[in-house]
Structure formats: C-alpha cells, structure tokens
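**Student:** Sharing a model that was predicted from the sequence below.
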Amino acid sequence: MEETKKIPRKIFLKYLWGALSILFFWLWVMLVKRATRSGTPNRMVLPADVPEGVSFFGRVIIVRRNDKLTVFSSRCTHLGCTIKSLNKEGNLVCPCHGSAFNINGEPENGPATENLQQLPFKLENNKIIID
Ligand code: FES
C-alpha cells in the first residue's frame, strides 16, 4: 500500500497565508497605481456652447469671454479643494479657506499663491474635449 505524504495543517496554513498576503499586496499596489495614474484628469467632453462668463463642470471651470474659451482645473492651488462658485466680486472662490481667483485664474486673495492650472483642450464637432 502506498503511503501518501500529508502536509501538516500548520505548514499548509502558513503557505496559504503567504499566498494570500502576496495576492492582497499585489491588489493594493494595482489600486494605488490606478488611483495615482498620472496627475492628469480623465477625458471630458462638453458642449462648446457654454454661456458667456464662468461655468462650473465638476473638475473643470470654463470661462468664455468674447467667444474665447479658457479651461481651468477647479482644483484650488492651496490644498486642492474644488472651486465651485463665484463671490460677489465675480472671483472664483474656494470654499475651504477662502482663496479667490480672478477669471484669468490668478490669485486675488490667499492663502493660495499660485494660478489655477489652465488645461489644454480642443474643439471638435461643437464639443470641448479636455484630456
Ligand atoms: S484649499 Fe482652497 S483655499 Fe485652501
């Protein structure tokens, strides 16, 4: 009669634990990689007929002046809060610490000291495409 070799339960669990640890570590690395994949936001397609003035679209702010379009990131250059409104002076105002930016994206009031990031875009088929 052939004798089968049994792996002791303790050793089996040790190997199983090791394999699961490697699997979870790999999943964690993949999730972090995906979350931090380039600093650029995902592609966004918006209708090109935005009204004159300032329009907020989540992660972007579009300014239309005399048919000239400018696209800014809505991420405040202080600590990254999302800018989603104008104050009574017509400046873009951050809800977190009150930084205000003019419609050229330049800081008017701190604590932010850097301009809003201007995003490249292209116009195609009456759409604004932001990568
Ligand atoms: S994050 Fe905008 S002012 Fe601080």
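**Tutor:** That came in fine, so what should we check first? Residues are numbered from 1 along each chain as shown.

**Student:** what mean pLDDT does stretch 92-104 have?
**Tutor:** In this model, stretch 92-104 carries a mean pLDDT of 94.

**Student:** what's in contact with that stretch?
**Tutor:** Stretch 92-104 is contacted by residues 54, 61, 63, 65, 70, 72, 76-79, 81-87, 89-91, 105, 107-112, 115-116 when judged by Cβ atoms under 8 Å, 6 or more residues apart in numbering. (Each C-beta comes from the backbone N, C-alpha and C, glycine too.)

**Student:** So which of those reach the ligand?
**Tutor:** The subset of those within reach of the ligand, by Cβ under 6 Å from any ligand atom, is C76, H78, L79, C81, P111, A112.

**Student:** is it true that R59 touches R75?
**Tutor:** Yes - under the criterion of Cβ atoms under 8 Å, R59 makes contact with R75 at 7.1 Å.

**Student:** where do the contact lists of these two overlap?
**Tutor:** T82.

**Student:** In terms of neighbours, single out the busier of those two.
**Tutor:** More neighbours surround R75 than the other of R59 and R75, with 19 against 15 (other Cβ atoms under 10 Å).

**Student:** in the sheet, who's paired with the more buried one?
**Tutor:** Judged by DSSP bridges, the bridge partners of R75 are T82.

**Student:** Of the contacts of stretch 92-104, which qualify as buried by neighbour count?
**Tutor:** Listed as buried from the contacts of stretch 92-104 are 54, 61, 63, 70, 72, 76-78, 83, 86, 91, 105, 107, 112, 116; burial here means 16 or more other Cβ atoms under 10 Å.

**Student:** so who does G58 touch?
**Tutor:** Per Cβ under 8 Å, 6+ apart, neighbours of G58: S74, T82.

**Student:** and it, what are its phi and psi?
**Tutor:** Dihedral angles of G58 (phi, psi; degrees, to the nearest 10) stand at phi 60, psi -110.
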